[in-house]
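Trainee: got a predicted structure here, sequence first:
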Amino acid sequence: MRHDVILGVMVLVLGTSSAAMAGVVVTSTQTKFDTHEVSQTAIYVEPDRLKVVTPERVVVFRGDMNRLWVIDTQRRSYSEMTPESMQAMGSRMAGAQAQMGAAAAQLQERMAQMPPEQRAMMMQMLAGRGLGNGAPPAPPQVAYTRAGGSKTIASWRCDVYKKTVNGQQEEDVCITPISSAGLTANDFAVLDRISQFMAPMMSSPMMPRVDYLSLNEMNKAVGFQGMPLDTTMYEQGKPTSQSTVVKLERTTIPANTFDLPAGLTKRDIGMPPPR
């Protein structure tokens, strides 16, 4: 879902600040390189509402209601997030992080008393399980480097940047300045609102990175206000999939587009689906 939503950044920044203009609908494709499977994502945006439709799920943010719904289209069920539930989840994650920190400190203390050979074996075992050296995880080091080359995506020219996280290549991102579409930073109002809504959870280092909430980080790194139009994802140095914007249109979006469909079963977050 992470790369479905990153394309929502583009839509959010294209959201009009003028009440006289229509909403924005963006269609993008996601291609898996190993299976050549191609799927489609449709994103609908208005000044205080966002809807992302993928084959597996639908995400709706209602800024006017302070609600976020995640809909499982196959199981006909949904989860609802509110400011209160976000705060509760943030508190639980903070508590879990504190326990992990205490356990890591105890492990570091025990490792410091081990003979060098035993300590090296322990560190190797932890690394093999993806646990680093037993120390609390440090904030990821994210960098964007101009890779050379340009593309034309959805009629806009964009430049390619290599994104690395802790020195490992994670994405090739083709970014265009928002000024090329006549936009300014004021057009990020909806994105800011979503960031505020999710802040209790996103402040935890246990929370996976969400690219569209790190747009300011990208802008600072590349040196301008930009938006991604084409993204190639990497795992262990190999390209795995690609997300590309194929169509953008300004149109009047029916009001019920952002409504919760009838007949869905509500499930608490973390509750396992029925078998």
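Mentor: Yep, it's here.
Trainee: can you pull out the low-pLDDT segments for the protein?
Mentor: Counting by pLDDT under 70, the ranges of the chain that qualify are 1-22, 90-91, 93-101, 104, 126-139, 181-190, 201-214, 270-275.
Trainee: now the strands for it?
Mentor: Remark: strands assigned in the chain by DSSP state E are 23-32, 38-46, 49-53, 57-62, 67-72, 77-81, 142-153, 156-165, 168-177, 226-235, 238-251, 265-266.
Trainee: quick one: the longest one to chain centroid distance?
Mentor: In other words, strand 238-251. Offset of strand 238-251 from its chain centre (Cα atoms, centre = their mean, to the nearest Å): 15 Å.
Trainee: report all helices and strands that that strand contacts.
Mentor: Applying 3 or more Cβ pairs under 8 Å, 6 or more residues apart in numbering; DSSP states H and E, one finds that strand 238-251 contacts helix 2-14, strand 23-32, strand 226-235. In short, each C-beta sits where N, CA and C put it, glycine included.
Trainee: rewinding a little: and the strands of the chain: which comes nearest Pro200?
Mentor: Minimum separation from Pro200 across the strands of the chain (Cβ to Cβ) falls at strand 77-81, 10.4 Å.
Trainee: and the closest one, which strands flank it?
Mentor: When pairing is defined by DSSP bridges, strand 77-81 lines up against strand 67-72 (antiparallel), strand 265-266 (parallel).
Trainee: would you mind finding the most buried of those?
Mentor: Ranked by mean neighbour count under mean count of other Cβ atoms under 10 Å, the strands paired with strand 77-81 are led by strand 67-72, which reaches a mean of 19.
Trainee: show me the contact partners of that strand.
Mentor: Strand 67-72 has contacts (Cβ atoms under 8 Å, 6 or more residues apart in numbering) with 56-62, 77-82, 194, 197, 260-261, 264, 273.
Trainee: which residues sit against stretch 255-274?
Mentor: Counting by Cβ under 8 Å, 6+ apart, 44, 46, 49, 51, 60, 62, 69, 71-72, 75-81, 85, 89 sit against stretch 255-274.
Trainee: cool, stretch 165-180 as well?
Mentor: Under the criterion Cβ under 8 Å, 6+ apart, residues 13, 140-142, 144, 147, 150-151, 153, 156-164, 184-185, 187, 209, 218, 222, 224-234, 237, 239 lie in contact with stretch 165-180.
Trainee: picking up where we left off before, between the strands of the chain, which one is nearest to Met123?
Mentor: With Cβ to Cβ as the measure, strand 168-177 is the member of the strands of the chain nearest Met123 (19.3 Å).
Trainee: any idea of the angle that closest one forms with strand 226-235?
Mentor: Here the directions of strand 168-177 and strand 226-235 differ by 160 degrees (axes from the mean of the first three to the mean of the last three Cα atoms, to 10 degrees).
Trainee: now strand 168-177 - C-alpha only, PDB.
Mentor: Extracted C-alpha coordinates of strand 168-177, given in PDB (Å, rounded to 0.1, in the frame of the first residue of the first chain):
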ATOM      1  CA  GLN A 168      20.600   1.100   0.400                       C
ATOM      2  CA  GLN A 169      18.800   2.000  -2.800                       C
ATOM      3  CA  GLU A 170      15.100   2.000  -2.300                       C
ATOM      4  CA  GLU A 171      13.600   3.900  -5.200                       C
ATOM      5  CA  ASP A 172      14.200   5.800  -8.400                       C
ATOM      6  CA  VAL A 173      11.900   8.700  -8.300                       C
ATOM      7  CA  CYS A 174      11.000  11.100 -11.200                       C
ATOM      8  CA  ILE A 175      10.200  14.400  -9.700                       C
ATOM      9  CA  THR A 176       8.700  17.500 -11.200                       C
ATOM     10  CA  PRO A 177       8.500  21.000  -9.600                       C
END
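Trainee: list the buried ones in it?
Mentor: Using 16 or more other Cβ atoms under 10 Å as the test for burial, strand 168-177 gives 169-177.
Trainee: distance to Gln113 added to these, as TSV?
Mentor: Shown next, in TSV, are the buried residues of strand 168-177 (distance: Cβ to Cβ, whole Å):
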residue	distance to Gln113
Gln169	38
Glu170	37
Glu171	42
Asp172	45
Val173	45
Cys174	51
Ile175	49
Thr176	55
Pro177	55
